[in-house]
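# would you be able to build a 3D model of this:
(one chain, ligands or ions: 1)
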Amino acid sequence: MTLIMKIVQRRAAYSRFTMAIGLGLTLMLSACTQPQTDTGRWYTKAQAETGKTLFEANCGVCHGRRAQGLAEDWKKPDASGHYPPPPLNGTAHAWHHPMETLLATIENGGAPVGGVMPAFGDKFSQEQKLALIAYFQSLWPDDIYQQWREIDDRN
Ligand code: HEC
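Modelled structure (predicted):
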């Protein structure tokens, strides 16, 4: 075998090796970022179930037990200029907000944005707040959920 051929063969073996490593890394990384849950979303069925109970007991009175909203028009402020509690079932605006903002709303209520929703920061643990979000997101159709994911990924 000539020296040149040896070099060429070694190069080919080396590039196969780096490609294999690259592929392995890509697979490992995508395994980490893809949701590995029984819903195909970031939360599990169990989280959404826990959230349902919490939601019905604490949020339903304003947002409706199925998060469907109780006001005739959630875009219309009342006489004092406040907006009614919007639906959270994917038909209104909540899916425009990344996870961080949804958590902050539950934590601090509406006061920081001049709203009237009460703060729940002391009432729920972080897991419970996530479960609440899991519940109302479980009512979102896939296309709305995907749009939210893109917004959340950009954040
Ligand atoms: C006393 C009524 C009331 C209760 C109880 C309440 N909310 Fe709200 N919520 C509101 C109002 C009103 C708004 C609109 C913003 C504002 O005025 O603060 C709102 C807004 C929100 C938003 C933002 C929606 C958007 O489209 O931007 C989220 C998320 C939310 N509420 C979740 C919850 C969760 C979860 C609970 C239960 C833990 C809850 N709310 C309990 C009245 C309420």
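# nearest to the middle of this structure, which residue? Look it up for me.
The residue lying closest to the centre of the chain (Cα atoms, centre = their mean) is Met99, at 5.3 Å.
# wait, that one sits on Ile133?
Yes: contact criterion Cβ atoms under 8 Å: Met99 and Ile133 qualify, at 7.2 Å. Any C-beta I mention is one placed from the backbone N, CA and C, and that applies to glycine too.
# residue contacts, Pro86?
Residues in contact with Pro86 (Cβ atoms under 8 Å, 6 or more residues apart in numbering) are 63, 69, 71, 74, 92-94.
# counting neighbours, what do you get for the spatially closest residue to Thr39 that is not a sequence neighbour?
The shortest distance from Thr39 to any non-neighbouring residue, by Cβ to Cβ, 6 or more residues apart in numbering, is to Lys45 (5.9 Å). By other Cβ atoms under 10 Å, 13 other residues sit near Lys45.
# distance of Lys45 from Arg149?
Lys45 is 18 Å from Arg149, where distance means Cβ to Cβ, to the nearest Å.
# tell me which of the contacts of Pro86 fall in helices.
Within the contacts of Pro86, residues falling in helices by DSSP state H are His63.
# now, the most widely separated pair of the contacts of Pro86?
Based on Cβ to Cβ, the longest span within the contacts of Pro86 runs between Ala71 and Ala94 and measures 14.4 Å.
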